[in-house]
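J.: Structure of the sequence below:
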Amino acid sequence: MAATNWLAVHLYGRSGHAGKPHEGIDTAVAVSSMVMNFQSIISRNLNPLDPAVLTIGKVEAGTARNVIAGEAKIEGTARTFSRQAQEMIERRVKEIAKAHEQMYGVDVSVDFQQSSHGALINDPGVVEDVMEKAGEVFDPSEFTHVEAMMLGEDFANYLEEMDGCFAFIGGGDHPANHHGKFDFDEKALVNGVKVFTCAAVDLLMESALDPAFLERDRLRKSGIPVKIAETERLLLRETIPSDIPNLYEIWKQGGMVRGTVPVLNTLDEETEFMEAYIRHAYLFYDFGLWTVIEKQSGQIIGQAGLFVSELLDDAVELGYLIGQSYRGKGYAQECGRAILAYAEEVLDLEELHVLIERTNDTSLHVAQKLGFGPYGQDQIHGAETAEDTETSLVHWHKMLT
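T.: Next comes the predicted model:
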C-alpha cells in the first residue's frame with residue numbers, strides 16, 4: 001500500500017460580472033487548467049516503472065452562476081511507493097501552480113503535506129509465517145493474493161520499526177470503503193479474530209520467549225520428547241503416549257512422593273488423561289512430570305518432575321515415583337538432583353516444595369539429602385487431631401537461588 005501525500009492549492013483572482021470577464025481575473029478558468037496540467041506529472045515526469053497516482057478529489061470555484069469566480073480551491077492526494085516519486089510530484093505541483101500565476105494573472109498558494117507514513121511493504125518472512133499459521137484454521141481456497149494498491153495505511157509506521165505484515169480479511173459483497181453506501185458483513189470480524197489467535201499471538205510469543213523454550217516447543221509439536229536431564233545412570237525426558245502402559249504398571253505399585261495420584265481408573269482412562277496432560281501441561285508450564293529411564297537397560301523405571309501444588313497455594317512441588325524393583329539403588333536421589341539443577345538453571349525457579357507422608361522414612365531421608373528442610377512452623381498438612389499425625393504430610397522446602 002502507498003504513502004499518502006495531501007495537497008491543497010488556493011487561487012486568488014478578482015470577481016466581476018459574468019458579462020464583463022475582461023474586468024475580472026477568472027480563477028475558474030485557471031483552476032480548470034491547473035487540474036488538467038497536474039495530470040501530466042504522472043504520465044510525463046515520473047518513471048513509468050515507479051507507480052504513483054495524483055487525484056484531485058475536490059474543486060471549488062465561484063459563488064454564483066453570473067459572477068466571475070474571484071477565488072478557487074482544489075484538494076487532492078498523491079499516492080507513492082518511493083521517496084523519489086513523492087519529491088518529484090511535490091516539486092512539479094509547485095512549479096505548475098506557480099506557472100499559472102503568470103498564465104492567468106492569479107495569485108497561488110500551495111500546501112503540500114508529505115505523508116506521515118511510508119509505503120506499507122510486508123515482510124515476506126512474516127507473510128509466510130502468518131499464512132502457515134492461518135492455514136491451521138482456514139482452507140487454502142480461502143486465501144487470495146492482493147496486488148499492490150494505492151490505498152494508504154499508517155500501519156506502515158509499525159513496519160518501519162519491525163518486521164510484520166498487513167492482511168485483508170474481507171467484508172462481504174457490499175460497496176467498498178469510501179463508497180456512499182459502504183457496508184460490511186460483521187461476520188468478517190470472526191475471521192479477524194481467527195487470524196490474530198492462530199497467527200499474531202503465536203508470533204508475539206515467539207518474539208518474547210527465549211530460543212531454548214521455542215526449541216522445546218518445536219520438539220513437542222513434532223512429537224519428539226524433550227530431554228530434561230541426563231545423569232550417570234538415568235535419562236529424564238518428557239513423557240510420550242507410548243510410555244503410558246509402562247508407567248501405569250509402576251503407578252499401581254504405589255509409594256509415590258506426591259505428583260502422581262493413586263491409579264483409580266482403567267488403562268484406557270489413564271491414557272486419555274495423560275495424553276491430554278502431555279498436550280497441554282508441558283506447553284503451559286514448560287515443566288511437568290517426566291519419564292525416568294535407566295540408561296543401561298533402556299527401561300522406564302519411574303516418573304518424576306515438578307507440578308503446581310493445589311495444597312500449597314500453587315507453589316511448585318517436586319514429586320517422584322520409582323518402580324519397586326529399582327528402589328534402594330539411589331535412583332530417587334540421583335534424578336532429584338538432576339531436577340533441582342534443571343529447576344534452577346533452566347526454569348529459573350527460586351524455591352521448591354515437597355509433601356511427604358510422615359511415616360515414609362525413606363523419602364524423608366532422600367528429601368533431606370537433596371537439601372530440603374522444614375517449612376517454618378507449618379510442617380504438617382492434614383493433621384487436625386493427634387490421631388491424624390501418623391497419616392499426615394510433612395511440608396519441606398528448598399531455596400534454589
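J.: can you give me the helices for the chain?
T.: Assigned by DSSP state H, the helices in the chain fall at 27-40, 83-104, 124-134, 156-161, 188-195, 201-208, 211-221, 244-253, 267-285, 331-345, 361-369.
J.: Minimum distance to E294: which of those helices has it?
T.: helix 331-345 (7.7 Å; Cβ to Cβ). Every C-beta, even on glycine, is put in place using the N, C-alpha and C of the backbone.
J.: What helices and strands are in contact with that closest one?
T.: strand 227-230, strand 234-238, strand 289-294, strand 300-309, strand 315-322, helix 361-369 (3 or more Cβ pairs under 8 Å, 6 or more residues apart in numbering; DSSP states H and E).
J.: How about the fourth one, which residues are buried there?
T.: Across strand 300-309, burial judged by 16 or more other Cβ atoms under 10 Å covers 300-307, 309.
J.: What pairs with that strand, parallel or antiparallel?
T.: strand 289-294 (antiparallel), strand 315-322 (antiparallel) (DSSP bridges).
J.: what angle separates it from helix 267-285?
T.: Interaxial angle, strand 300-309 versus helix 267-285 (axes from the mean of the first three to the mean of the last three Cα atoms, to 10 degrees): 50 degrees.
J.: The third one now?
T.: When the same axes, to 10 degrees is applied, the directions of strand 289-294 and helix 267-285 differ by 110 degrees.
J.: mean confidence for strand 289-294?
T.: Averaging pLDDT along strand 289-294 yields 95.
J.: quick one: low-confidence ranges for the stretch 101-250 of the chain?
T.: For the stretch 101-250 of the chain, residues meeting the criterion pLDDT under 70 lie at 200-201, 203-209.
J.: Redo the helices of the chain as a markdown table? Include distance to Q296 and mean neighbour count.
T.: Putting the helices of the chain into a markdown table (distance: least, Cβ to Cβ, whole Å; neighbours: other Cβ atoms under 10 Å) gives the following:
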| stretch | distance to Q296 | mean neighbour count |
| --- | --- | --- |
| helix 27-40 | 84 | 19 |
| helix 83-104 | 68 | 17 |
| helix 124-134 | 42 | 15 |
| helix 156-161 | 55 | 14 |
| helix 188-195 | 50 | 14 |
| helix 201-208 | 39 | 12 |
| helix 211-221 | 25 | 13 |
| helix 244-253 | 17 | 17 |
| helix 267-285 | 26 | 14 |
| helix 331-345 | 12 | 19 |
| helix 361-369 | 21 | 16 |
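J.: and the strands paired with strand 300-309, which is most packed in?
T.: Comparing the strands paired with strand 300-309 by mean neighbour count (mean count of other Cβ atoms under 10 Å), strand 289-294 ranks first with a mean of 24.
J.: send the alpha carbons of it over as CSV?
T.: Taking Å, rounded to 0.1, in the frame of the first residue of the first chain, the C-alpha atoms of strand 289-294 are listed here in CSV:
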residue,chain,number,x,y,z
LEU,A,289,6.1,-35.0,35.4
TRP,A,290,8.7,-36.7,33.3
THR,A,291,9.7,-40.2,32.4
VAL,A,292,12.7,-41.7,34.2
ILE,A,293,14.7,-44.2,32.1
GLU,A,294,17.6,-46.4,33.2
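J.: what angle do that strand and helix 331-345 make?
T.: 130 degrees.
J.: roughly how far is strand 289-294 from the heart of the chain?
T.: Distance of strand 289-294 from its chain centroid, counting by Cα atoms, centre = their mean, to the nearest Å, is 33 Å.
J.: Stretch 60-72 now?
T.: 56 Å.
J.: buried residues in it?
T.: For stretch 60-72, the neighbour count (16+ other Cβ under 10 Å) marks 61-62, 68-72 as buried.
J.: With stretch 140-156 instead?
T.: By neighbour count on 16+ other Cβ under 10 Å, the buried set for stretch 140-156 is 150, 152-153, 156.
J.: Also stretch 219-234?
T.: In stretch 219-234, counting by 16+ other Cβ under 10 Å, buried: 220, 225-226, 228-229, 233-234.
J.: what's the distance between V35 and V59?
T.: 7 Å (Cβ to Cβ, to the nearest Å).
J.: what sits in contact with each of those two?
T.: The contact sets of V35 and V59 overlap at I74 (Cβ atoms under 8 Å, 6 or more residues apart in numbering).
J.: The buried residues of strand 300-309 into CSV, with extra columns for pLDDT and distance to E90?
T.: What follows is these, written out as CSV (pLDDT from 0 to 100; distance: Cβ to Cβ, whole Å):
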residue, pLDDT, distance to E90
I300, 96, 73
I301, 95, 77
G302, 93, 75
Q303, 93, 71
A304, 93, 70
G305, 94, 66
L306, 94, 63
F307, 91, 65
S309, 87, 67
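J.: Switch those over to JSON lines; also include distance to Y331.
T.: Output for these, formatted as JSON lines (distance: Cβ to Cβ, whole Å):
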{"residue": "I300", "distance to Y331": "12"}
{"residue": "I301", "distance to Y331": "6"}
{"residue": "G302", "distance to Y331": "7"}
{"residue": "Q303", "distance to Y331": "12"}
{"residue": "A304", "distance to Y331": "9"}
{"residue": "G305", "distance to Y331": "14"}
{"residue": "L306", "distance to Y331": "17"}
{"residue": "F307", "distance to Y331": "20"}
{"residue": "S309", "distance to Y331": "23"}
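J.: Next, count neighbours for the residue nearest to F372 when sequence neighbours are not counted.
T.: Nearest non-adjacent residue to F372, counting by Cβ to Cβ, 6 or more residues apart in numbering: W396, 4.0 Å away. For W396, the count of nearby residues is 21 (other Cβ atoms under 10 Å).
J.: So what pairs up with W396 in the strands?
T.: Beta-bridge partners, per DSSP bridges, of W396: V354, P374.
J.: ok, it - contacts?
T.: Here W396 is in contact with 353-354, 356, 367, 372-375, 379 (Cβ under 8 Å, 6+ apart).
J.: go with 7 Å
T.: 354, 367, 372-375 (Cβ atoms under 7 Å, 6 or more residues apart in numbering).
J.: So among those residues, which ones count as buried?
T.: Counted by 16+ other Cβ under 10 Å, the contacts of W396 give 354, 367, 372, 375 as buried.
J.: Closest one to L46 out of those residues, please.
T.: V354 (74.6 Å).
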